[in-house]
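[1] Here's my sequence, what's the structure:
(one chain, ligands or ions: 1)
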Amino acid sequence: MSTLPGGTWTLGDLTVSRFGYGAMQLAGPRVMGPPADHDSALAVLRTAVDLGITHIDTSDAYGPRVTNELIREALHPYPESLHIATKVGATRDAQGGWPVARRPEDLRGQVHDNLRSLKLDVLDVVNLRLGTAEGPRPESVAEAFEALAELQQQGLIRHLGVSNATAEQVAEAQDIAPIVCVQNMYNVAHRQDDDLIDRLAAQGIAYVPFFPLGGFTPLPSPRSAALAWLLERSPNILLIPGTSSVEHLRENIAGL
Ligand SMILES: NC(=O)c1ccc[n+]([C@@H]2O[C@H](COP(=O)([O-])OP(=O)(O)OC[C@H]3O[C@@H](n4cnc5c(N)ncnc54)[C@H](OP(=O)(O)O)[C@@H]3O)[C@@H](O)[C@H]2O)c1
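    Here you go, the predicted structure:
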């Protein structure tokens, strides 16, 4: 049982603290390159685990590879209780853009890259990131999600999810393979997924809001109120607030 605010949730067969950690802020400016302070990035990750966080969200596209390599350096061999969720479906270009990369061969390559950079034999949770950096886009997920389902059948992925997805894409993915989570943008000021959250809660599927504090555009409301509101909003909401600071990490937990 987690002593963190919000208690625990079960992603498939994996118990995680509802208060998790999003690793994206550990990379350099615009999520490119290494952190300004390598040691303090490692300290954030180790403190997160010391404080009882058992759910870390990452992607090999952060840096690229930077946050996965920091996670491995800080925490490998991983505690049994720790579960790392990653994302595939986008890559990075030299300008820091996030080009879509969702052909089956792209996804196979990205799953193997994540296994390598995190030094794992099996990825606990892989989210298929849909749409673009501008938001979800209505298009079929079938070919891409089938490719991931195949990798799951091969034993490389324990659980699947989708990210940046419309409700229709969630349903389309579920017709192909079970999902344990949906990771979309949502916070106290952006509540476009209210119906989806309730429908997922009824199915026992987690909803993991990204930008819980507003991301690169901080919310006008106090951070503690924004996080408390999410925890209260629905029991299937998992928090993955990002920070590059040990002090902010402690503050965000203490504020609840
Ligand atoms: N699926 C997707 O497409 C997608 C997209 C974006 C993000 N994500 C995931 O969602 C996670 C969360 O998103 P996010 O990190 O971008 O945004 P966020 O959690 O909404 O906000 C992070 C920002 O808040 C600041 N912050 C946090 N605690 C603070 C405190 N106590 N005092 C002052 N500032 C504070 C951080 O700065 P400091 O570093 O200075 O603390 C950082 O600038 C990411 O880490 C990533 O894993 C997923």
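[2] Point to the residue nearest the middle of this structure.
    Residue closest to the average C-alpha location in the chain (C-alpha atoms, centre = their mean): residue 57, at 3.5 Å.
[3] any idea how far residue 77 is from that residue?
    The spacing between residue 57 and residue 77, counted by C-beta to C-beta, to the nearest Å, is 20 Å. Where C-beta positions appear, they are placed from N, C-alpha and C, glycine not excepted.
[4] Would the helix ranked longest in the chain count as contacting the ligand?
    As assigned by DSSP state H, the longest helix anywhere in the chain is helix 104-118. No - Helix 104-118 stays clear of the ligand (C-beta under 6 Å from any ligand atom), getting no nearer than 13.5 Å.
[5] Which parts of that helix count as buried, going by neighbours?
    Neighbour-count burial for helix 104-118, counted by 16 or more other C-beta atoms under 10 Å, picks out 106-108, 110-111, 113-115, 117-118.
[6] which of those residues lies closest to residue 66?
    Nearest to residue 66 among the buried residues of helix 104-118: residue 117, at 9.3 Å, using C-beta to C-beta.
[7] Identify the residues contacting the closest residue to the closest one other than its chain neighbours.
    Once flanking residues are discounted, residue 117 sits nearest to residue 68: 3.8 Å by C-beta to C-beta, 6 or more residues apart in numbering. For residue 68, the contact set (C-beta atoms under 8 Å, 6 or more residues apart in numbering) comprises 58-60, 62, 86, 114, 117-118.
[8] counting contacts, what elements does the longest helix of the chain pack onto?
    helix 66-75, strand 83-88, strand 123-129, helix 142-153 (3 or more C-beta pairs under 8 Å, 6 or more residues apart in numbering; DSSP states H and E).
[9] thinking again about what came up before, pull the most distant pair out of the contacts of residue 68.
    62 and 118, at 12.0 Å, using C-beta to C-beta across the contacts of residue 68.
[10] Tell me if residue 253 really is in a helix.
    Yes - assessed with DSSP: H, G, I helix; E, B strand; the rest coil, residue 253 lies in a helix.
[11] Residue 18 versus that one, what's the distance?
    Residue 253 is 12 Å from residue 18, by C-beta to C-beta.
[12] more neighbours, these two?
    Neighbours were counted for residue 253 and for residue 18 using other C-beta atoms under 10 Å; residue 18 has more, 23 against 20.
[13] doesn't residue 236 make contact with that one?
    No - counting by C-beta atoms under 8 Å, residue 18 stays clear of residue 236, with 9.1 Å between them.
[14] Start and end of stretch 114-129, how far apart?
    Length of stretch 114-129, first residue to last, C-alpha to C-alpha, to the nearest Å: 14 Å.
[15] Then stretch 122-138?
    OK, stretch 122-138 end separation, C-alpha to C-alpha: 30 Å.
[16] What residues of that stretch count as buried?
    Buried residues in stretch 122-138 (16+ other C-beta under 10 Å): 123-131, 136.
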